[in-house]
Each structure stands twice: as structure tokens, then as C-alpha cells.
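Participant: Got a sequence here, can you model it:
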Amino acid sequence: MKMVKDTHISYLNKVMTSYPFNVYDKINGSLQVKKVRKYNEGGPHVYEIDIVFDGVIFARLDNKYSEWLTSEILVTHNISKVKLNKIIRRCTEHAMRNYVDIFGINQWSFIIKKVEWKLKLN
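Facilitator: The predicted model follows:
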């Protein structure tokens with residue numbers, strides 16, 4: 001895959017990174033696009049999007065009842081960051097489809113590549 005750099009990508013990086021949007025599902029918070037990359041696979045273009053999540057997630061720890069958890073569970077509990085990012089990626093995918101459609105990206109031609117969860121310690 002070859003990365004494509006054009007004026008559309010530079011425009012998307014400027015505009016999408018400055019407008020966060022809210023997500024309400026098993027996760028509750030705001031998402032902000034960190035970087036957009038465009039690749040050409042010989043056919044239609046594929047966009048890779050890096051996001052930053054700032055919020056809480058509704059989950060269960062240690063066979064207790066489910067509760068809203070902040071990013072400090074990464075420090076206090078032995079939780080796989082890969083699995084946690086996969087959950088955030090799945091929960092934000094529908095909201096991202098509506099968001100990227102505003103900027104002219106096909107709903108099915110993007111991949112959420114990297115997820116960063118802002119670390120908040122009390």
C-alpha cells in the first residue's frame with residue numbers, strides 16, 4: 001500500500017483534528033481525530049484514522065457488577081491495552097461512520113488504526 005499525500009488529506013488533518021465529537025454507548029465521552037492517512041491499494045482509497053478518546057467505559061472488573069471506569073484502570077489493574085482498545089474501537093465505529101461522512105469519506109472505506117485513551121489520575 002502506498003500512502004497518498006494531497007491537499008484533501010492536509011485539509012482533513014486540519015479540520016478533523018479541531019472538531020471533537022461525543023459518543024454515548026458502552027463508552028461515554030468525546031472523540032477527537034488525531035491523524036488521517038490515505039492509502040491507495042490499486043482500487044478505492046482506504047483511510048486510516050488515529051483517534052484520542054477522553055471519557056469513561058462501562059465494564060465489569062473482577063466478577064463484580066458493571067460500573068463506569070476511567071483510564072486509571074490501566075495503571076491499577078492488570079488489563080490488556082490491546083483488548084481495551086479493541087472495545088473502544090468497536091464502540092466508536094458507528095459514530096465515526098456518521099462523522100467521516102460529513103467530510104466526504106466513504107463510510108466503509110476507513111479503518112480506526114490507533115486508539116489513545118487520555119490518562120486521568122485522581
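Participant: give the contact list for the spatially closest residue to Asn85 that is not a sequence neighbour.
Facilitator: Among residues not flanking Asn85 along the chain, Val115 sits closest, at 4.2 Å (C-beta to C-beta, 6 or more residues apart in numbering). Just so you know, the C-beta spots here come from the backbone N, C-alpha and C atoms, and that holds for glycine as well. Val115 makes contact with Asp50, Ile51, Phe53, Asn85, Ile88, Arg89 under the criterion C-beta atoms under 8 Å, 6 or more residues apart in numbering.
Participant: Just to be sure, Val115 is in a strand?
Facilitator: Yes. Applying DSSP: H, G, I helix; E, B strand; the rest coil, one finds Val115 inside a strand.
Participant: From Gln32, how far out is it?
Facilitator: Val115 sits 11 Å away from Gln32, going by C-beta to C-beta, to the nearest Å.
Participant: now swap in Met16 and tell me
Facilitator: Met16 is 8 Å from Gln32, by C-beta to C-beta.
Participant: between these two, who's got more neighbours?
Facilitator: Comparing Met16 with Gln32 by other C-beta atoms under 10 Å, the one with more neighbours is Met16, at 22 against 17.
Participant: Return the set of residues that bridge with the residue nearest the centre of the chain.
Facilitator: By C-alpha atoms, centre = their mean, the chain has its centre lying nearest to Ile51, at 3.8 Å. Going by DSSP bridges, Ile51 is paired in beta bridges with Val33, Val115.
Participant: per-residue pLDDT, it?
Facilitator: pLDDT recorded at Ile51 is 93.
Participant: which residues does it contact?
Facilitator: Counting by C-beta under 8 Å, 6+ apart, Ile51 makes contact with Leu31, Gln32, Val33, Lys34, Thr92, Met96, Ile112, Lys114, Val115, Glu116.
Participant: Looking at the third one now. What's its pLDDT?
Facilitator: To tie it back to what came earlier, the one meant is Val33. 92.
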